[in-house]
Each structure stands twice: as structure tokens, then as C-alpha cells.
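# fold the following for me, if possible:
(one chain, ligands or ions: 2)
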Amino acid sequence: MPQISASSFLDRTFRAICPQDNEWRDRARARLSELTMPFWALGDLMDLAVDLAGITRSLHPPVARKRVVVMVGDHGVATEGVSQYPVEVTGQMLRNMVNGGAGINALASQAGAEITLVDVGAKEDFSDLVASGALIAKKIGHGTDNMLLGPAMSRTHAVMAVEAGIEIANQLADSTDLFATGEIGIGNTTPSSAVAAVITGRPVIELTGRGTGLDDAGLAHKVAVVEAALQKNRPDAKDGLDILAKVGGFELGAIAGLILGAAAKRKPVVVDGLISTAGALIAYKLEPFVRDFIVCGHGSAEPGHAPMCAFLGKKPLLQLGMRLGEGTGAALAFNLVEAAARVLTQMATFAEASVSTARKN
Ligand SMILES: O=C(O)c1ccc[n+]([C@@H]2O[C@H](COP(=O)([O-])O)[C@@H](O)[C@H]2O)c1
Ligand SMILES: Cc1cc2nc[nH]c2cc1C
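Ligands and ions are numbered 1, 2, ... in the order given. As a prediction, the model looks like this:
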């Protein structure tokens, strides 16, 4: 049962999310079993094809129009020295993305995907980027508060962050078949580990990594900060909005909202690395059926990511040791999602191609 929320917009979105369609899954499985190859010989791609059919209720799942949505936010806890980089890098990297020079620009263009940039809570103001149409303004605050001293944000702001993500999904759904989540926010691996610890119930030390490149002492300090923030705020593990408000971030909430909004429109959404998956865990807490619409694009090198994917029951499609964020792993995985759809739509069956089937023993 989805939890009671503080917003009728959220409740309406939760109610619109229903599981994958089993009839379409069965139809896809039947066709895939007849395709000209030894049984299920394209492995995980075939399971992905079944998911796409169940999500889109089609044996021709539309996936051509691909989009990475990059949510931008800053974090009060960054003042505790939990990142290897200064907070200014959030804005500097956003401008780099606008100019086409970031990792996501390279990988999204290779995948033939659009990029949408959304400011949900960066410290800086970007009125020039908003005026030029390069950035969508959904700013909820100028960075969160320091979760070591109290909640990162109010519950009202947590609701607004999730709503912002849903609004973006709604706005883009007509021009998008396949979504991906991305983010930028210096310090955001710290709240992501905190969210992961509350939701998976695993120890902070197992879920906390070096982020942008902390050394051993930096990592030990970061673990202590996450543990202290959890002690201070004591988030309710049953309440996704409480977790988001107390130890989350604006972009984590907006990512959760984007995933929920995509699921409500029956669109698959490829989730990127550690931070995006923390957003996915929040979305799952708010409405568990959302899981059916999530594809885990790649496994992040951050140690907390694998337990989070396992909690969601998802196997990442790619393992490339990536830890950039921005949606880069998800954009790469777009190629595999398109490949899975093509297996379903372009391969012939044994009967269609007059190929002999396997011998019966
Ligand atoms: O996607 C990941 O798994 C990932 C892992 C480590 C770092 N990042 C990116 O690096 C930034 C956060 O790292 P940090 O060390 O500042 O917490 C943020 O902008 C993320 O996009 C992303
Ligand atoms: C340079 C840089 C680029 C990034 N992209 C996403 N997170 C990032 C963090 C840093 C530090």
C-alpha cells in the first residue's frame, strides 16, 4: 500500500502506477521463445524485452525518443568536508553541460538521446541559463540545510521536490519514449548513502564510498558524518518523505518524482548510479509498483550501489566501474534497451524463417 502523503498530486500519481501487464509479458515471452536462436540465447536482453512489453503493453515497445533528465542540487552537508571538490563545481559543471563539454553530452549524443537540465536546488542562481532556455527552473532552495545539524529540508520541501520531478515527467512524456535519470550535486553521495542505510537497513560503513575521490581519512570522516546525521534525525524507515526530508536532497527527491511520473505514464526509466538509485529507493518507498518500470543501467563503482540494486531486485545491465553520475551509465544503457526492443521486433521466428527447431530427446 502506498503511504498517505501530504499532497493530492502525489496521491493521484501513485494511484496511476500499476504493475507491468502480465498478458503482454506472456505474449512477449511466447514470441521470444520462438525466435531463431537456441532457447533464450540472448540472455538478459530477452528478460529486458519482456519487461519492455509488460511496461508498454506492446510487442513493438517504443524506445526511439530517449531523454536523460539531469537534476541539479546542492547540499548543506558539503560544508563538513565530505567531498573532494568544492561546491562551486556544481554550477561550473552545469555550465559545462550547457556548453556540451561534459561526459553526459558525449554519451547522450552517442545514444541519440536528448538532455534536459533542471535546477531543483543549486546554491547558485542561473537566471541566464533559464532565460536562454538551457535550464528548467524548479528551484526549491539554495542547497539543502546541513543534515548534521537537523533535517536537510522541511517535509513540505520534500513533497515539492518529488512533485517537481513528476511535473517534469508529465511535461516531457509526450516527446519521450525512454527516460533516464541523471544528476549533479557536489556532496550528494553523502545523503545517498544515508538514504540507502535507512531503506536497506545495512550498516553505513558498507554503503559509503569515496565519491569524487576521498582518501582513507576523508572516507572515515564521511562515514562518521552519515552516522551522526542518522543519529541526529532518526528518519522513519517506513516513510519515504521523512527519509527524503531528513537525510535526502532536492535532486534525490526530483529523481524519485521523475521515476514515479514516468511509471504513471507507463514509460521505462533507466536509473543511473548511486545518487539516482537512492532516488529510486525513495520512489519505491512511496509506491512499490514503481519498481516494475525501473531499469538499472549500470553498476556504480561506489560500494553502496550494489546493495541498493539488490534491495530493488535489479541486476545492472553494465559493469564498467563508472562513478561519474550525470546519467552517463544510463545513457550508455539506452543502447541495450533499444537492442532488446529490436530483438523483439526484428528477429524472425523459426517458422517465419523456415529454420529447423531443436531436436526433441
Ligand atoms: O553516479 C555515481 O555512482 C557517482 C558516484 C560518485 C560521484 N558521483 C558524482 O559526483 C558528485 C558527488 O560526489 P561527492 O564526492 O561530492 O559526494 C555528484 O555530482 C555525482 O554526480 C556520482
Ligand atoms: C568534475 C566533476 C564532474 C561531475 N559530474 C558529475 N559529478 C561531478 C563531480 C565533479 C567533481
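# tell me the secondary structure for the residue in the stretch 101-250 of the chain positioned nearest to ligand 1?
The nearest approach of the stretch 101-250 of the chain to ligand 1 comes at Gly211, 2.3 Å away (CB to the nearest ligand atom). All C-beta spots, glycine's among them, are computed from the backbone N, C-alpha and C. Three-state call for Gly211 (DSSP: H, G, I helix; E, B strand; the rest coil): coil.
# 5 is where my numbering starts, stick with that
Yep, numbering from 5; the last one is Gly215 now.
# how many neighbours does it have?
25 (other CB atoms under 10 Å).
# wait, it touches Thr194, no?
Yes. Gly215 lies in contact with Thr194 (CB atoms under 8 Å); the separation is 7.5 Å.
# the residue of the stretch 105-254 of the chain closest to ligand 1: what's it in contact with?
With contact taken as CB atoms under 8 Å, 6 or more residues apart in numbering, Gly215 is in contact with 86-88, 193-194, 226, 306.
# just the buried ones from those?
86-87, 193-194, 226, 306 (16 or more other CB atoms under 10 Å).
# what is the nearest of the residues you listed to ligand 2?
For the buried ones among the contacts of Gly215, the residue nearest ligand 2 by CB to the nearest ligand atom is Ser87; the value is 7.7 Å.
# does the closest one fall in a helix, a strand, or a coil region?
Per three-state DSSP, Ser87 ends up coil.
# and the gap between it and Gly213?
12 Å (CB to CB, to the nearest Å).
# now do the shared contacts for those two.
Joint contacts of Ser87 and Gly213 (CB under 8 Å, 6+ apart) are Thr193.
# next one: stretch 244-255 to chain centre, how far?
15 Å (CA atoms, centre = their mean, to the nearest Å).
# sorry, slip of the keys, the one I care about is stretch 72-89.
Worked out by CA atoms, centre = their mean, stretch 72-89 lies 16 Å from the chain centre.
# endpoints of it, how far apart?
24 Å (CA to CA, to the nearest Å).
# quick one: average confidence on it?
For stretch 72-89, the mean pLDDT works out to 98.
# what's the answer for stretch 167-183, then?
Mean per-residue pLDDT for stretch 167-183: 98.
# which other residues reach that stretch?
So stretch 167-183 is contacted by 11, 13-14, 17, 66-73, 75, 118, 120, 122, 124, 140, 142, 144, 257-266, 268-269, 271-274, 338, 341-342 (CB under 8 Å, 6+ apart).
# do the same with stretch 48-66
Outside stretch 48-66, the residues that reach it (CB under 8 Å, 6+ apart) are 24-26, 28-29, 31-33, 35-36, 44, 67, 181, 270-272, 296-297, 299, 319, 321, 340-341, 343-345, 347-349.
# so of these, which ones are in strands?
Among the contacts of stretch 48-66, the members found in strands (DSSP state E) are Val299.
# drop anything exposed from the contacts of stretch 48-66.
The buried subset of the contacts of stretch 48-66 - by 16+ other CB under 10 Å - is 24-25, 28-29, 31-33, 35-36, 67, 181, 270-272, 296-297, 299, 321, 340-341, 344-345, 347-348.
# out of these, which sit inside helices?
Among these, the ones falling in helices (DSSP state H) are 28-29, 31-33, 35-36, 340-341, 344-345, 347-348.
# is Ala184 in a helix, a strand, or coil?
Secondary structure assignment for Ala184 (three-state DSSP): strand.
# which positions in the stretch 55-204 of the chain make contact with ligand 2?
Taking CB under 6 Å from any ligand atom as the contact definition, the stretch 55-204 of the chain meets ligand 2 at 89, 93, 97, 188.
# can you rerun that using 8 Å?
By the rule CB under 8 Å from any ligand atom, the part of the stretch 55-204 of the chain lying against ligand 2 is 87-89, 93, 96-97, 100, 106-108, 187-190.
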